[in-house]
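**Student:** Generate coordinates for the sequence data below:
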Amino acid sequence: MTAIALTIAGSDSGGGAGIQADIKTFSALGAYAASVLTAVTAQNTRGVTAVEDMSPSVIAAQIDAVLGDLAVDAVKIGMVSRAETIGVIAGRLSSFAGPIVVDPVMVATSGDRLLREDAMAALVGELLPLAHVVTPNLAEAALLTRHPIAAGPEEMIGQARIILGFGAKAVLIKGGHGTSETSTDLLVTHEAVTALAAPRIDTRNDHGTGCTLAAAVTAHLAKGLALAEACRAAKTYLHAALEAGRGLSIGQGRGPVHHFHAWWTA
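**Tutor:** Numbers count the residues shown, from 1 in each chain. As a prediction, this is how the structure comes out:
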């Protein structure tokens, strides 16, 4: 059977993050990619200059079209900037039986805010309880929990447990924006904490890393891997994409990772 993964996210016109990164990642990892567009951004490697949200009715129609025809195995939810958008998505996915990965895209790598403040309560109250796993970076975890950015593993675990309290089954809190020589992500469930570590890569081409990791987790879940195994495999894929992406010369700002490093070199 062909594994099918659905991404519900915003478009990145520069191609490095958002729904474009998700589709590339699904495809690179052997899952068929379906998509629901929530917003269009005018974006490149230097930042976001405009955002146009899709209407709730069009978002609902896209979800109905995909789920009404395709046997979707796993869903990834990325940029959802408005409470109305979140409500529609949560309603349509309330009966979805497969794993749902929620990547709380709140702030772009460039620092641009992508989630409206009034949508925070809807994200926490409606989407997180549906999540098989939530994948915040350090800044996003701090925003979700109303805490300072975690300074170490104990604070990361503490914030992850707060997010578990919102109803998520697991939290993969990402350490990629830390400062140590090792980039360590922590998979936190109600039963255990699993550390996923890799050497930190010195590169300016890190645009879309969060989208890519969450999409890789989704692709592996769609293919039937258990959560810890899916997260470990996703970390391995992203590390290789970052390493290979060091040689890319795309844009004048923070360039993308190399999603298709297994097929061609920079």
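**Student:** Could you list the low-pLDDT ranges of the stretch 151-266 of the chain?
**Tutor:** 176-179 (pLDDT under 70).
**Student:** nearest residue to residue 254 other than its sequence neighbours?
**Tutor:** Closest residue in space to residue 254, ignoring its immediate chain neighbours: residue 207 at 4.6 Å, by Cβ to Cβ, 6 or more residues apart in numbering. (C-beta placed from N, C-alpha, C; glycine too.)
**Student:** Contacts only, for the one you found.
**Tutor:** 14, 16-17, 45, 109, 253-257 (Cβ atoms under 8 Å, 6 or more residues apart in numbering).
**Student:** please redo it, this time with the cut-off set to 10 Å
**Tutor:** 12, 14-17, 21, 43-46, 108-110, 245, 250-251, 253-257 (Cβ atoms under 10 Å, 6 or more residues apart in numbering).
**Student:** One more: residue 186?
**Tutor:** 150, 153, 156-157, 159-160, 171-175, 193-197, 231.
**Student:** Any idea how far apart the tips of stretch 34-53 sit?
**Tutor:** The first residue of stretch 34-53 is 19 Å away from its last residue (Cα to Cα, to the nearest Å).
**Student:** Of the contacts of residue 207, which belong to helices?
**Tutor:** Under the assignment DSSP state H, the contacts of residue 207 contribute 21, 245 to helices.
**Student:** Just the buried ones out of the contacts of residue 207, please.
**Tutor:** Among the contacts of residue 207, those scoring as buried are 12, 14-17, 21, 43-45, 108-109, 245, 250-251, 253-257 (criterion: 16 or more other Cβ atoms under 10 Å).
**Student:** Just the helices from the stretch 1-150 of the chain, written as ranges.
**Tutor:** Listed in chain order, the helices of the stretch 1-150 of the chain (DSSP state H, counting those that start in this stretch) span 18-28, 56-67, 83-93, 120-122, 138-145.
**Student:** what sits up against the longest one?
**Tutor:** With Cβ under 10 Å, 6+ apart as the contact definition, helix 56-67 has outside contacts at 4, 6, 8, 34-39, 53-55, 72, 75, 80, 82-89, 91-93, 95-96.
**Student:** give me that answer again for 8 Å
**Tutor:** Contacts for helix 56-67 (Cβ under 8 Å, 6+ apart): 6, 8, 34, 36-38, 72, 84-85, 87-89, 92-93, 96.
**Student:** re earlier: among the contacts of residue 186, which are in strands?
**Tutor:** The members of these that map onto strands under DSSP state E are 171-173, 193-197.
**Student:** so which of those residues is the most crowded?
**Tutor:** Using other Cβ atoms under 10 Å as the neighbour criterion, residue 171 leads these with 29 neighbours.
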